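Peer 1: Give me a 3D structure for the following:
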Amino acid sequence: MAQVYFHCSNSIGVSIDRCGSAVADLAEARDHAALVVRSLVMTPVLEDWRGWVLHVSDDDGEEIFSVPFASVLGKPH
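Peer 2: As a prediction, this is how the structure comes out:
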């Protein structure tokens, strides 16, 4: 098990995940990252999420990978 952190950022600021989540492997971290992005974009707010990125980091603060919210949202119609 590894502790990973899911930080969100856009051009204005950063939202820091201070608790993190325990994951068994990289596949579980990717699944959890997709879940985090989907849950945020489904919240009933007026935020345009296309400029946001989810950064997944390890205990040392090293980024493992990132997920642009636009990859989940697709292109605007």
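Peer 1: Every contact and neighbour count from this point should use C-alpha atoms.
Peer 2: OK.
Peer 1: Give me the pLDDT value at Phe69.
Peer 2: Per-residue confidence at Phe69 stands at 91 (pLDDT).
Peer 1: ok, it - contacts?
Peer 2: Listed by C-alpha atoms under 8 Å, 6 or more residues apart in numbering, the contact set of Phe69 reads 37, 49-54.
Peer 1: out of these, which are buried?
Peer 2: Restricting those to buried positions leaves 37, 49-50, 52-54, with burial counted as 16 or more other C-alpha atoms under 10 Å.
Peer 1: Return the subset of those residues lying in helices.
Peer 2: The members of those that map onto helices under DSSP state H are Val37.
Peer 1: can you put the buried ones among the contacts of Phe69 in JSON lines and add pLDDT and distance to Phe69?
Peer 2: Shown next, in JSON lines, are the buried ones among the contacts of Phe69 (pLDDT from 0 to 100; distance: C-alpha to C-alpha, whole Å):
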{"residue": "Val37", "pLDDT": "93", "distance to Phe69": "6"}
{"residue": "Trp49", "pLDDT": "88", "distance to Phe69": "6"}
{"residue": "Arg50", "pLDDT": "87", "distance to Phe69": "6"}
{"residue": "Trp52", "pLDDT": "95", "distance to Phe69": "6"}
{"residue": "Val53", "pLDDT": "97", "distance to Phe69": "6"}
{"residue": "Leu54", "pLDDT": "97", "distance to Phe69": "7"}
